[in-house]
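In: output the structure for:
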Amino acid sequence: MATLKVPVTASDHVLAAENAAVVLVEYGDYQCPHCAAAQGPVKQILLRYGGRVGLVFRHFPLTEVHPMAAPAAEAAEFAGDHGRFWEMHDAIYANQANLSPELLIALANALHLSSHELREALVSGQHARKVQADFMGGVRSGVNGTPTFFVNGIRHDGGYSVPELAASIENAMLAAAP
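Out: Here you go, the predicted model:
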């Protein structure tokens, strides 16, 4: 059974109530069609469980097959610097079919972020270290494809449908119950 080797920290992007009973960590690639398909079920899970389940997203760009994955991850990190990570995250996945440097700039503009600053951040690799750290943490945790989910630190080896994710979440809630 694979476990999450890098604990959730303040440097992670967390969408959750502070005291969520279950933390779902997703390693994803913004250019991966399976990751885009998983976004709907993940949102349904969050709605179903409310504040009892939190979500952490970590970057795992498979750059050899998805050349725009790393720049998209860096753009999301740039947006995160301005408190807009989740909006950029959702916008990238919603526009995945058109992913390009121009799209990332347009998405930044739509979020009222400086396109000039985003260009500079991408050229300088300002957020490349964070993206690489997420990737290496995934490798250490046994991630070898995307999306990969961990439920309370244990790798979820099933699919990403609502029933499959919910089963792992329910098991984690039972395990955590006093």
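
In: what strand or helix carries the spatially most central residue of the chain?
Out: For the chain, the residue whose C-alpha lies nearest the mean C-alpha position (C-alpha atoms, centre = their mean) is residue 57; its distance is 2.6 Å. Element membership for residue 57, per DSSP states H and E: strand 53-59.

In: give me the mean pLDDT for that strand.
Out: Model confidence over strand 53-59 averages 97 on the pLDDT scale.

In: what residues of the helix or strand following that strand count as buried?
Out: Toward the C-terminal end, the helix or strand that comes next after strand 53-59 (DSSP H and E) is helix 69-81. Of the residues in helix 69-81, 69, 70, 71, 72, 73, 74, 75, 76, 77, 78, 79, 80 count as buried by neighbour count, 16 or more other C-beta atoms under 10 Å. Glycine gets a C-beta too; all of them are placed from N, C-alpha and C.

In: for the residue lying closest to residue 79 once chain neighbours are set aside, which three-state class applies?
Out: Computed as C-beta to C-beta, 6 or more residues apart in numbering, the closest residue to residue 79 that is not its neighbour in sequence is residue 88, at 3.4 Å. Assigned state for residue 88: helix (three-state reduction, DSSP: H, G, I helix; E, B strand; the rest coil).

In: got a list of what residue 88 touches?
Out: By C-beta atoms under 8 Å, 6 or more residues apart in numbering, the contact list for residue 88 reads 75, 76, 78, 79, 80, 107, 108, 111.

In: the first one touches residue 122, doesn't it?
Out: Yes. The pair residue 75 and residue 122 qualifies as a contact (C-beta atoms under 8 Å) at a distance of 6.9 Å.

In: intersection of neighbour lists for the two?
Out: Any residue near both residue 75 and residue 122 by C-beta under 8 Å, 6+ apart counts here, and that gives residue 104.

In: and the strand holding residue 57, what does it pack against?
Out: Counting contacts by 3 or more C-beta pairs under 8 Å, 6 or more residues apart in numbering; DSSP states H and E, the secondary-structure elements packed against strand 53-59 are strand 13-15, strand 22-28, helix 33-49, helix 69-81, helix 128-140.
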